[in-house]
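Student: sequence and predicted structure below; questions after.
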Amino acid sequence: MLKKKLIGLAILASLGSAGAFAASAPAAASGTEAAYSGPVPAVLQQAMIKGGLDLYKKFQAAGSLNGWVVKDRNSGKYVIVYTTTDDSVLLAGMALDTSGANLTNNYAQEYIPATDYSPAYKSFTTEATSVFWGSASAKAEVTVVMDPNCPFCQRFERMLKPAVDEGALRVRLVPVAFEAPDSGVKAAGLLATKNIKAYMDSDVVRGQVEQSSDAGLKAKVDANWSLMRKFGLNGTPAVFYMSGKGNSQTLNVSPGLPDMTEFFKKLGLDGYIAKAKALDPQFAQYFH
């Protein structure tokens, strides 16, 4: 059945884990395209009922599959799923072609409406409780919603460290807590610390960090988490940064670790691509 382009699909285990995000979201969804109103396979109807989904669009996918864009009513997140030619089986996950291209991500870029993340960016930079890591005179700034125990946050922050240490980048850290039982006291510790550099120097290598049981600080961490949920961000890191100059600035958003080559270039920090990539051989996968 899957003879030509499609060589891999994961059976749908959890619709919540099958989402795909664009690397950046500079524009809002137009909202002008009507939701799909044609025939719906019985297997997809079951998923819509049990999973709390709305059907947005149908498209022709590789390997003679039918592609569908569905939206989770709770989180507002769009997800790409597939049905087989006879519409008897529902599939979701990463679809790869013979070149290794992520077709699911490509379909998400093409068919999922762009999200306006500007309200989220405003909230995380004005309402959320945060701390700054790096010099106030840095030429570039990024906002990162992070959990101190999140391994992908730690990888991302480690790749940022050369630019931060050399005064080229300032990072607004918005701590949340959900990754591990001690995430709360570690996140509160980040808000409490008087030495952000020491905290981050240890955190990026998964070392011991300052902790705090202060109820007020833990409440602020919880409020940050509530903002995450409000804007449909279900994991960390969530990365926000502006690129361009003057009236031509663009808000870039990555719900997850971004393409680091694109990230540094958009911030005008091209010289840190090689430095960050050289920190660990495993980091090469984040540079394209």
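Tutor: Received the coordinates, thanks. Only a predicted model underlies this, so the values are computations on that prediction, with no experimental measurement involved.
Student: which non-adjacent residue is nearest residue 136?
Tutor: Distances taken as CB to CB, 6 or more residues apart in numbering put residue 170 closest to residue 136, at 6.5 Å, once the chain neighbours are dropped. For glycine as for every other residue, the C-beta is placed from the backbone atoms N, C-alpha and C.
Student: helix, strand, or coil at the one you found?
Tutor: State at residue 170, reduced to three classes by DSSP: H, G, I helix; E, B strand; the rest coil: strand.
Student: what do you get for residue 55?
Tutor: strand.
Student: do you know how far it is from residue 168?
Tutor: From residue 55 over to residue 168 the distance is 46 Å, taken as CB to CB, to the nearest Å.
Student: try residue 266
Tutor: Taking CB to CB as the measure, residue 266 falls 14 Å from residue 168.
Student: residue 148 now?
Tutor: 24 Å.
Student: more crowded one of the two?
Tutor: Per other CB atoms under 10 Å, whichever of residue 148 and residue 168 has more neighbours is residue 148, with 31 against 21.
Student: check the gap between that one and residue 210 for me.
Tutor: For residue 148, the distance to residue 210 - CB to CB - is 10 Å.
Student: what's the local residue count around residue 113?
Tutor: Neighbour count of residue 113, defined by other CB under 10 Å: 17.
Student: I figured it hits residue 78, correct?
Tutor: Yes: the criterion here is CB atoms under 8 Å, and residue 113 meets it with residue 78 at 7.2 Å.
Student: list residues touching both of the two?
Tutor: Jointly contacting residue 113 and residue 78 under the rule CB atoms under 8 Å, 6 or more residues apart in numbering are residue 56.
Student: ok, how many other residues are close to residue 173?
Tutor: With other CB under 10 Å as criterion, residue 173 counts 26.
Student: for it, phi and psi?
Tutor: Phi and psi for residue 173, reported as degrees, to the nearest 10, are phi -100, psi 120.
Student: just the helices in the stretch 1-150 of the chain please.
Tutor: Along the stretch 1-150 of the chain, counting by DSSP state H, counting those that start in this stretch, helices occupy 42-51, 103-111, 118-126.
Student: quick one: closest of these to residue 282.
Tutor: Closest approach to residue 282 among the helices of the stretch 1-150 of the chain is made by helix 103-111 (20.6 Å; CB to CB).
Student: packing partners for the closest one?
Tutor: strand 53-60, strand 66-72, strand 78-83 (3 or more CB pairs under 8 Å, 6 or more residues apart in numbering; DSSP states H and E).
Student: what residues of that helix count as buried?
Tutor: Applying a neighbour-count criterion of 16 or more other CB atoms under 10 Å, one finds 103, 104, 105, 107, 108, 111 buried in helix 103-111.
Student: show the contacting residues for residue 117.
Tutor: The contact partners of residue 117, by CB under 8 Å, 6+ apart, come to 25, 231, 240, 251, 253.
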